[in-house]
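Enquirer: Model the following, please.
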Amino acid sequence: MQNAKQQVALSSIAASAALTLAKGIVGLSTGSLAILSEAAHSLIDFAATLMTYFAVRVSDKPADAEASLRARQGRERLGAGRDGTPVPAVGRGDLGALARLRAERACGSR
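Expert: Okay, here's the model as predicted:
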């Protein structure tokens, strides 16, 4: 049985997946680099929501003789810390897109 935190995390996964899919479809159909960049960003957010869900599941396990409250809090912090790790990858992708746009402008093609 899932508790309220897990239900919220699952609904967040569904919303993130729908948003990512919609942005991807619109970006591919219009050929807009900006919308495709947003879709990539949303994909990273989707991965972060998956990590959050699994962190919530692990942190909700009942404590046993070897697991203390401090260890449980550490697992929650670990899950929260991993949510921010994919963000630099999107930044590198955005910088690559800017470099491509600058190169196209330098060549005179738009």
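Enquirer: what ranges do the helices span in the protein?
Expert: Along the chain, the segments classed as helices by DSSP state H run 4-30, 33-59, 69-83, 87-107.
Enquirer: Just the buried residues of the first one, please?
Expert: To tie it back to what came earlier, the one meant is helix 4-30. 9, 12, 16-17, 19-20, 23-24, 27 (16 or more other Cβ atoms under 10 Å). C-beta here means a position set from N, CA and C on the backbone, and glycine is covered the same way.
Enquirer: Where is pLDDT lowest across those residues?
Expert: When the buried residues of helix 4-30 are compared by pLDDT, Ala9 scores lowest at 88.
Enquirer: residue contacts, it?
Expert: Neighbouring residues of Ala9 by Cβ atoms under 8 Å, 6 or more residues apart in numbering: 49, 52-53, 56.
Enquirer: Test my guess that Thr20 contacts Ala47.
Expert: No - using Cβ atoms under 8 Å, Thr20 is not in contact with Ala47; the gap is 9.7 Å.
Enquirer: before we move on, back to that, so can I have TSV of the buried residues of helix 4-30 showing distance to Ala99?
Expert: Shown next, in TSV, are these (distance: Cβ to Cβ, whole Å):
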residue	distance to Ala99
Ala9	36
Ser12	33
Ser16	28
Ala17	30
Leu19	27
Thr20	24
Lys23	22
Gly24	23
Gly27	19
